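# Okay, predicted coordinates and the sequence, questions at the end:
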Amino acid sequence: MASKGSGTKMDAIADRAWDRLENLIEIMEKAADRVATGGTLEEIDIGSYPLYMAIEYQRKDIICVWEAEDYFRLVEAAAFEEGVCLDDTEEISVQLPEAEFEDCMVTGGFMAWKGLSVERKNILIEELLECLCQRLKARGLNVNCIDDEKYIILRLPFCG
C-alpha cells in the first residue's frame, strides 16, 4: 500500500502527464464538435496528432492512434520532472520450473525448462496509467490497447 507521501507524488506525476494530454484532448473535442456540425477533420488544425474519424454502425468517434512507447514516454517524462525514476520501481520476478524426479533418478531433470518465466512488473507505472485512464474516461474518452499493446487508441464518441 502506498504511503500518503507517495500518493501525493503520484498525483503530481499524473497531473503533469494530464497537462501534456490536455492539448490533444481539446483538439479531439474541437474536432468532434466540428464534425458533428457537418464539418470535416481536414478543416481543423490538428497539429501533428494522428486523428481519424471512425464510424461503426450508428456511432461516430474521433480517434487518436499512439504508439504505446510514446504514451509511456509521456508518463516517464512527467515522473522524471517530479524526481521519480520509474525504472527504479521496476521489479523482476523469475519463476523456475519444478524439478522432476523419476523412480530411478538421484537428481532431477527439467524437461526442456517448462514453466520457466521472467516477468517485469512496475506497480507505480501501472497505477499511473490507471489514474490517467480514469481521468480520460471522466472526460468522455475511451482508452484501448491493440496489437499486443503496441498501440494506444484514444476514442472520443460524439453524436453527429
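Cool, the structure landed.
# Pop out the phi and psi values for the spatially most central residue of the chain.
Residue closest to the mean C-alpha point of the chain, counted by CA atoms, centre = their mean, is Leu129 at 5.4 Å. Per-residue torsions, Leu129: phi -60, psi -40 (degrees, to the nearest 10).
# Glu76 now?
Residue torsions, per degrees, to the nearest 10, at Glu76 are phi -60, psi -40.
# in the lengthiest helix in the chain, what's buried?
The longest helix of the chain (DSSP state H) is helix 4-36. Across helix 4-36, burial judged by 16 or more other CB atoms under 10 Å covers 9-10, 12-14, 16-18, 21, 24-25, 27-29, 31-32, 34-35. Every residue, glycine included, has its C-beta placed from N, CA and C.
# Partner strands of the worst-scoring helix or strand of the chain on mean pLDDT, with direction?
Using mean pLDDT, DSSP states H and E, the weakest-scoring helix or strand in the chain turns out to be strand 117-121, at a mean of 76. Using DSSP bridges, the strands paired with strand 117-121 are strand 91-95 (antiparallel).
# Might you calculate how far the strand it pairs with sits from the centre of the chain?
Put simply, strand 91-95 sits 22 Å off its chain's centre (CA atoms, centre = their mean, to the nearest Å).
# what pLDDT, on average, does it get?
Throughout strand 91-95, pLDDT has a mean value of 80.
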